[in-house]
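1. what's the 3D shape of this:
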Amino acid sequence: MNDGLCKTIGIWMSDKKSQKLNWKELINTCASHGYNLVKLDLERPLEEQARIDVFLHKLTDIIAAADQGDPKASTIIGHVEQYLSNHPNIAVIDPLDNVRMLLNRYCYYSILQNEATFQNQGIFTPTFAEFTTNDVEVNIEIMKSRGVKFPVICKPTIAHGSKSAHEMVVIFNEKGLSASKPPCVVQTFVNHNAVLHKVFLIGNRYHICKRPSLKNFYASEELEPIFYSTGEVCKADSQSTLSILDPHDKADVTMSINEDVIKTIIRVLRKEIGLLLAGFDVVIDNQTGHHAVIDINVFPSYDSFPNFFEHLLECIDEIVRRRNSKDCVATYRINGVVNVGTCTSNYCVTGMNVN
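-> Below you'll find the predicted structure:
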């Protein structure tokens, strides 16, 4: 770590994500907490750029490409990993191996499915299966063996790395399985009255927003597959016809999210995955009221998170203090769970402090 009072945060993210950040506010918030902010260039040796105390990144797309054999991406990740290995005192947000756990949907669905504490609290991950072949007959048997029922949502197995990672298909019957593009994961669709709850995490802080989602669907031998992008349906300002409930599906009672359930999910994710910057999507089964975790994201968009930069720097401060006192664990667990959500938007849940 630097000997002076001012420390340095080295940051890297894609141009697309970078353009969405308010850099002036981030720089000012870093300065108010005693940090310089340096934008890193992964095309150049990191040793030559700055002596950093904190490595803040969103390398998901590059890690995903490297894991799929892309030579340039593999070289970049190799250099980053070697640099971090040479400087073990750098606080990494988040550790690359932890990030890798969320690059594969089948992998993290399996972690969720095997979580024993979920079963007693009405938390579940809808049944799922992985397709690695285009053989429809083989895939039908795989679905049956895994208890996956129509309709299903078909998602690419790799959750990051390209635009196609967010391209989904709703499939209603066996013949529609020809629309799947392996490697992919098919997951039983849970009717949830077109309401998605997005939970954003910064260390031990969380914020919940409501977003539009897919309307209710039912198995059918007549319906053709429906192709869509999550960005078209589930953004705060989305107005997709796929989100309009059919008349017979109009709900008389709005299903409310249970914050105790959300806190349980957060604690499990911190224990099993150990990311500081993450988010997950929850839908509420309109038949049982149970909460289904349907996706997890690394370093999501925090544009709806109140005072995001301030909470981020407070979290970084905590990590740096722990590392300085040699009291830090690899997963950066922090005691307590606090909801900092306060928002007047129709899509946000008003938060309160919880311990």
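
2. excluding its backbone neighbours, what's nearest Asn297?
-> Take Asn297 and drop its neighbours on the chain: the residue closest to it by Cβ to Cβ, 6 or more residues apart in numbering is Gly279, 4.6 Å away. Yep, even glycine has a C-beta here, placed from its N, CA and C like the rest.

3. hmm, the one you found is touching Ile202, no?
-> No. With contact defined as Cβ atoms under 8 Å, Gly279 does not reach Ile202; the gap is 9.7 Å.

4. for the residue nearest the centre of the chain, which three-state class applies?
-> By Cα atoms, centre = their mean, the chain has its centre lying nearest to Asn297, at 1.0 Å. Assigned by DSSP: H, G, I helix; E, B strand; the rest coil, the conformation of Asn297 is strand.

5. and if you look at Ile9?
-> Classified using three-state DSSP, Ile9 is strand.

6. residues in contact with it?
-> By Cβ atoms under 8 Å, 6 or more residues apart in numbering, the contact set of Ile9 is Cys30, Tyr35, Asn36, Leu37, Val38, Ile52, Asp53, Val54, Phe55, Leu56, Ile316.

7. and the fifth one, what element?
-> For Val38, the host element (DSSP states H and E) is strand 35-39.

8. any idea of the mean pLDDT for that strand?
-> Strand 35-39 comes out with an average pLDDT of 97.

9. for the record, mean pLDDT for the helix or strand following that strand?
-> Once strand 35-39 ends, the next helix or strand along the chain (criterion: DSSP H and E) is strand 54-57. For strand 54-57, the mean pLDDT works out to 98.

10. need the residues that contact the very next helix or strand once past strand 54-57.
-> Remark: after strand 54-57, the chain's next helix or strand is helix 60-67, criterion DSSP H and E. For helix 60-67, contacts defined as Cβ under 8 Å, 6+ apart pick out 14, 42, 72-74, 76-78, 96, 99-100, 102-103, 158-162, 165, 298-299.

11. tell me the buried residues in the helix or strand following helix 60-67?
-> Following helix 60-67 in sequence order, the next helix or strand is helix 71-86 (DSSP H and E). Buried residues in helix 71-86, counting neighbours by 16 or more other Cβ atoms under 10 Å, are found at Ala73, Ser74, Ile76, Ile77, His79, Val80, Tyr83.

12. now do the residue lying closest to the second one once chain neighbours are set aside against Asn120, distance only.
-> When you say that, I think you mean Ser74. Once flanking residues are discounted, Ser74 sits nearest to Ala66: 4.3 Å by Cβ to Cβ, 6+ apart. Ala66 is 39 Å from Asn120, where distance means Cβ to Cβ, to the nearest Å.

13. who has more neighbours, those two?
-> Using other Cβ atoms under 10 Å, the more surrounded residue of Ala66 and Asn120 is Ala66, with 23 against 8.

14. quick check, pLDDT for that one.
-> Ala66 is assigned a predicted lDDT (pLDDT) of 94.

15. now do Asn335
-> 53.

16. hmm, back to that, ok so the residue nearest to Asn297 is a helix residue?
-> No. Per three-state DSSP, Gly279 lies outside any helix segment and is strand.

17. separation between it and Pro212?
-> Here Gly279 is placed at a distance of 17 Å from Pro212 (Cβ to Cβ).

18. who has more neighbours, those two?
-> Neighbours were counted for Gly279 and for Pro212 using other Cβ under 10 Å; Gly279 has more, 23 against 20.
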